[in-house]
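A.B. asks: Here is my input, please return the structure:
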Amino acid sequence: MYELIILGQLMRQPAHGYLIAKIINDMIGPFAHVSNGRLYPLLSKLEKSGLIALYTVTARESQGDRQLRRYEITQAGRKRFHTLMMDTTANPGEYQKLFTQKVAYFTLLKPVERLRLIDHYSNYCQAHVLHLVAEAEDITRESSNWEPTPHPDFVQNVLQVMYHTIDQWELELCWVKGLQERENASTQQNSVQHSEI
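C.D. replies: Presented below is the predicted three-dimensional model:
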């Protein structure tokens, strides 16, 4: 996820490490954050892989010149960013968090690519809802036959958590439906504008 955010930021503009860390921490916070001890080795790894390049700029200050180190994305980094954006198979258990980060960089993709990711995420959310509903029904139907018989409060607590999780995935579905509607409206508007030319 950090690699995607770093490359996405650098797709927009070159940045120094402090700004990259701030953006990552703003996006994943408030309790998770990337430390300098994690960020700078990752930046170094991306640089050694040829995905980003480090360059130095001299900044004029009242007390003299100061060297600023900035990172910029390379052509290989642009390709890697696109690959990360379009990948829907890596980290399936973490894909909800990953998709949320991808949305921040949707403008860097073609409309058809955005729609493909939105459609995939919609199916991903629906799969979670269907799975949880089926499992909750199984627990309701079969828990009285378990050996040893569980305490009724335990079953109710488990079901309560499952229904809460279903509600969360249904909210995700509403959000992704809004993304899809917005994307379809934008595509239609662009189609009309091009046909009028």
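
A.B. asks: all contacts plus neighbour counts: C-alpha atoms, from now on.
C.D. replies: Will do.

A.B. asks: Quick check: longest helix in this protein by residues?
C.D. replies: Taking DSSP state H as the criterion, the chain has its longest helix at helix 152-196.

A.B. asks: for it, packing partners?
C.D. replies: Judged by 3 or more Cα pairs under 8 Å, 6 or more residues apart in numbering; DSSP states H and E, the packing partners of helix 152-196 are helix 111-142.

A.B. asks: Now with 10 Å, please.
C.D. replies: On a contact count with 3 or more Cα pairs under 10 Å, 6 or more residues apart in numbering; DSSP states H and E, helix 152-196 meets helix 95-103, helix 111-142.

A.B. asks: So, low pLDDT: which residues of this structure?
C.D. replies: 58-67, 190-197 (pLDDT under 70).

A.B. asks: For Ile52, which of the helices and strands packed on helix 152-196 is the nearest?
C.D. replies: helix 95-103 (19.2 Å; Cα to Cα).

A.B. asks: outside of that closest one, which residues touch it?
C.D. replies: 1-2, 4-5, 8, 24, 27-28, 84-86, 88-92, 108, 114, 117-118, 120-121, 124-125, 169, 172, 179 (Cα atoms under 10 Å, 6 or more residues apart in numbering).

A.B. asks: That helix to helix 152-196, inter-axis angle?
C.D. replies: Using axes from the mean of the first three to the mean of the last three Cα atoms, to 10 degrees, the inter-axis angle of helix 95-103 relative to helix 152-196 is 30 degrees.

A.B. asks: Go through helix 95-103 and flag the buried ones.
C.D. replies: 95-96, 98-99, 101-102 (16 or more other Cα atoms under 10 Å).

A.B. asks: related to what we said a few turns ago, filter the contacts of helix 95-103 to the buried ones?
C.D. replies: 1-2, 4-5, 8, 24, 84-85, 88, 108, 114, 117-118, 121, 124-125, 169, 172, 179.

A.B. asks: For Thr74, grab the count of nearby residues.
C.D. replies: If you count neighbours by other Cα atoms under 10 Å, Thr74 ends up with 17.

A.B. asks: Is it correct that it is in contact with Leu51?
C.D. replies: Yes: the pair Thr74 / Leu51 is scored as a contact, 5.4 Å apart, by Cα atoms under 10 Å.

A.B. asks: distance between stretch 109-121 and the chain's centre?
C.D. replies: The gap between where stretch 109-121 is centred and where its chain is centred comes out at 13 Å by Cα atoms, centre = their mean, to the nearest Å.

A.B. asks: Residues contacting that stretch, please?
C.D. replies: With Cα under 10 Å, 6+ apart, stretch 109-121 has contacts from 82, 85-88, 95-96, 99-100, 102-103, 105-108, 122-127, 172-173, 176-181, 183-184, 186-187.

A.B. asks: picking that back up, of all the helices and strands packed on helix 152-196, which one is nearest Gln156?
C.D. replies: helix 111-142 (8.9 Å).

A.B. asks: Excluding chain neighbours, give the residue nearest to Thr187 in space.
C.D. replies: Excluding its sequence neighbours, the residue lying closest to Thr187 (Cα to Cα, 6 or more residues apart in numbering) is Pro111, at 7.0 Å.
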